[in-house]
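Peer 1: Have a look at this fold, sequence not included:
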């Protein structure tokens, strides 16, 4: 039997999730809360004491209409022994925002996700900015009590809804400190979201500052806005031997700081960064700039959030202009339809025997202004969004209902798996092209090219060993594939492997770049 610290009986219901530390369960008869039960090896007096501290010292405003900080509320005991804690549940229909950090949203998600967060529209970009404001505001609330640092801020520790509501989870892993003294350490951090000063901080056993979370938030926001990690890219010498994101973070190797000239291959999703204002781009530079412990200072979250908030207004105006252009085009279409209706009316007058049929056509056409009115209403709703107390930004019900939901898969069913994969690859949707290339390989559809392009997709995603395997498979299917030899050589070079023979082969097969590289680097 499970009891809270206040002796209230808790009956576990279905499991919600399972992780390395424990399992989260629904509570029978309680739709607002859930419990985390730790694995037995994780339970300790230190863990219990940490949670007691958190329960007694919560941040202000743990919940609103748009955010939830899933903070411990009560300890849970079984047979008198500490086993876990009770906390608020996340918003209904929440998902990890990992899918929003990719170049495209998976087709398996509901159409509302695609329409709301489409990077190809101003409204979609505005929605992503609003989501980032909500995330920044939630982290800021945690920081404001001056006791807590999240340390492991990443997509897997957040849940979001299609209307932009944010829940922060896994709060029991944070660092707790008072008066520059660590009371409870943070257990883990994820290398791809960890700042360059991390090794020095941990070696010196100093208190982790808010700057750590600002760096992590900067990466998360960049991923949501651009669909790729800011440190992904194939660098020129002398950094061409750096293969992991962690290595690149250590030397501040991102195009945001070094510029595009530092890279010989920069994946296309980074081009989204150019869409944003100078002010927003500059704050990313400040966040990712070289950092010296106890000397440097990153922008605080208030400043970062304010710039994101202002950027929303910039894209709101662009969305308004886009909507006005739609109305303008519809008015032109209306005039053309009216002109056609007048011509039809004249034909009706000249041909009485067909009047009944023609008058029906005219009647249908004259109903078109109602369609124009409905379009205008949708357009007005499209950019109606209202703001909260200044710390958070709401995406209202009106806002989310203003979208139509197209059939996103319509029109692709007649294409082969290889063609669909290539289409996604050419759009920079590398992650989602891979399953289609794999299907093409299994069904013997353009096998050599499928291996080659899947290798390129792996390369852009930083999975270079997978890329090498696919380039070799492409060559096995087509020994005269000069491009495959050339890309195999590039990838092997980046991994510190011998590559000159592959460049020579690419050159022999007529690959011009292979000859240039071979003459420059191997002779």
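Peer 2: Ah, there it is. Every value quoted in this text rests on a predicted model; they were computed, and no experiment measured them.

Peer 1: drop to CA atoms for contacts and neighbour counts, all remaining ones
Peer 2: Will do.

Peer 1: Could you point out the helix or strand that follows the least confident helix or strand in the chain by mean pLDDT?
Peer 2: Ranked by mean pLDDT, DSSP states H and E, the helix or strand of the chain with the weakest confidence is helix 397-401, at a mean of 27. Using DSSP states H and E, the helix or strand that follows helix 397-401 in sequence is helix 417-426.

Peer 1: which strands and helices sit next to that next one?
Peer 2: Packing contacts for helix 417-426, counted by 3 or more Cα pairs under 8 Å, 6 or more residues apart in numbering; DSSP states H and E, involve helix 430-442, helix 447-460.

Peer 1: any weak-confidence spans in this structure?
Peer 2: Counting by pLDDT under 70, the ranges of the chain that qualify are 343-414.

Peer 1: Name all residues that make contact with the one residue sitting closest to the centre of it.
Peer 2: Residue closest to the average C-alpha location in the chain (Cα atoms, centre = their mean): residue 101, at 1.7 Å. Contact analysis of residue 101 by Cα atoms under 8 Å, 6 or more residues apart in numbering lists 220, 223-228.

Peer 1: Redo those as a markdown table? Include secondary structure and distance to residue 16.
Peer 2: As requested, the contacts of residue 101 are arranged in a markdown table below (DSSP: H, G, I helix; E, B strand; the rest coil; distance: Cα to Cα, whole Å):
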| residue | secondary structure | distance to residue 16 |
| --- | --- | --- |
| 220 | helix | 24 |
| 223 | helix | 26 |
| 224 | helix | 25 |
| 225 | helix | 29 |
| 226 | helix | 30 |
| 227 | coil | 28 |
| 228 | coil | 29 |
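
Peer 1: quick one: which of those has the most company?
Peer 2: Scoring the contacts of residue 101 on neighbours with other Cα atoms under 10 Å, the highest-scoring entry is residue 225 at 29 neighbours.

Peer 1: The nearest residue to that one once chain neighbours are set aside and residue 484: what is the separation?
Peer 2: Once flanking residues are discounted, residue 225 sits nearest to residue 128: 6.3 Å by Cα to Cα, 6 or more residues apart in numbering. The span separating residue 128 from residue 484 equals 37 Å under the rule Cα to Cα, to the nearest Å.

Peer 1: Settle it for me: which of the two has more neighbours?
Peer 2: Neighbour count, other Cα under 10 Å: between residue 128 and residue 484, residue 484 has more, with 29 against 24.

Peer 1: wait, the more buried one sits on residue 476?
Peer 2: No - at 10.2 Å, residue 484 does not count as touching residue 476 under the criterion of Cα atoms under 8 Å.

Peer 1: Strands along the stretch 101-250 of the chain, start to end?
Peer 2: All strands of the stretch 101-250 of the chain, identified by DSSP state E, counting those that start in this stretch, fall at 148-149, 158-160, 166-168, 175-178, 181-184, 234-235.

Peer 1: Which of those strands sits closest to residue 67?
Peer 2: Shortest distance between residue 67 and those, using Cα to Cα, is found for strand 166-168: 4.7 Å.

Peer 1: Packing partners of the closest one?
Peer 2: strand 67-69, helix 122-143, strand 158-160.

Peer 1: which element is residue 86 on?
Peer 2: For residue 86, the element it lies in under DSSP H and E is strand 81-88.

Peer 1: List the neighbouring strands of that strand plus their orientation.
Peer 2: As defined by DSSP bridges, the strand partners of strand 81-88 come to strand 30-38 (antiparallel), strand 72-78 (antiparallel).

Peer 1: okay if I get the ones you listed as TSV plus mean neighbour count and distance to residue 136?
Peer 2: Formatted as TSV, the strands paired with strand 81-88 follow (neighbours: other Cα atoms under 10 Å; distance: least, Cα to Cα, whole Å):
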stretch	mean neighbour count	distance to residue 136
strand 30-38	19	24
strand 72-78	20	21
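
Peer 1: Let me have the ones you listed in a markdown table, extended by distance to residue 182.
Peer 2: Listed next are those as a markdown table, based on distance: least, Cα to Cα, whole Å:
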| stretch | distance to residue 182 |
| --- | --- |
| strand 30-38 | 23 |
| strand 72-78 | 20 |
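
Peer 1: quick one, which of these is nearest to residue 121?
Peer 2: Closest to residue 121 of the strands paired with strand 81-88 is strand 30-38 (Cα to Cα; 35.4 Å).

Peer 1: angle of the next helix or strand after the closest one against strand 72-78?
Peer 2: Using DSSP H and E, the helix or strand that follows strand 30-38 towards the C-terminus is helix 45-56. Between helix 45-56 and strand 72-78, the angle comes out at 140 degrees (axes from the mean of the first three to the mean of the last three Cα atoms, to 10 degrees).

Peer 1: Report the buried residues of helix 45-56.
Peer 2: Residues 47-48, 50-52, 54-55 are the ones in helix 45-56 that count as buried (16 or more other Cα atoms under 10 Å).

Peer 1: what packs against it?
Peer 2: If contacts are counted by 3+ Cα pairs under 8 Å, 6+ apart, helix 45-56 sits against strand 72-78.

Peer 1: can you tell me which helix in the protein is longest?
Peer 2: For the chain, the helix with the greatest residue count under DSSP state H is helix 301-350.

Peer 1: Look at residue 274 and say how many residues are nearby.
Peer 2: 10.

Peer 1: Begin at 16, not 1, for the rest of this chat.
Peer 2: Sure, I'll start numbering at 16, so the last one becomes residue 289.

Peer 1: Quick one: end-to-end length of stretch 305-323, please.
Peer 2: Terminal-residue distance, stretch 305-323 (Cα to Cα): 22 Å.

Peer 1: Tell me which residues are up against it.
Peer 2: Stretch 305-323 is contacted from outside by 144-145, 147-148, 151-152, 154-155, 211-212, 215-216, 225-226, 229-230, 266-267, 294-295, 298, 301-302, using Cα under 8 Å, 6+ apart.

Peer 1: before we move on, what about stretch 257-264?
Peer 2: Outside stretch 257-264, the residues that touch it by Cα under 8 Å, 6+ apart are 206-207, 209-211, 246-247, 250, 269, 477, 509-510.

Peer 1: Select from those residues the one having the most neighbours.
Peer 2: Per-residue neighbour counts (other Cα under 10 Å) across the contacts of stretch 257-264 peak at residue 210, which has 26 neighbours.

Peer 1: From residue 222, how far off is that residue?
Peer 2: 14 Å.

Peer 1: And for residue 229?
Peer 2: Applying Cα to Cα, the value for residue 229 to residue 222 is 15 Å.
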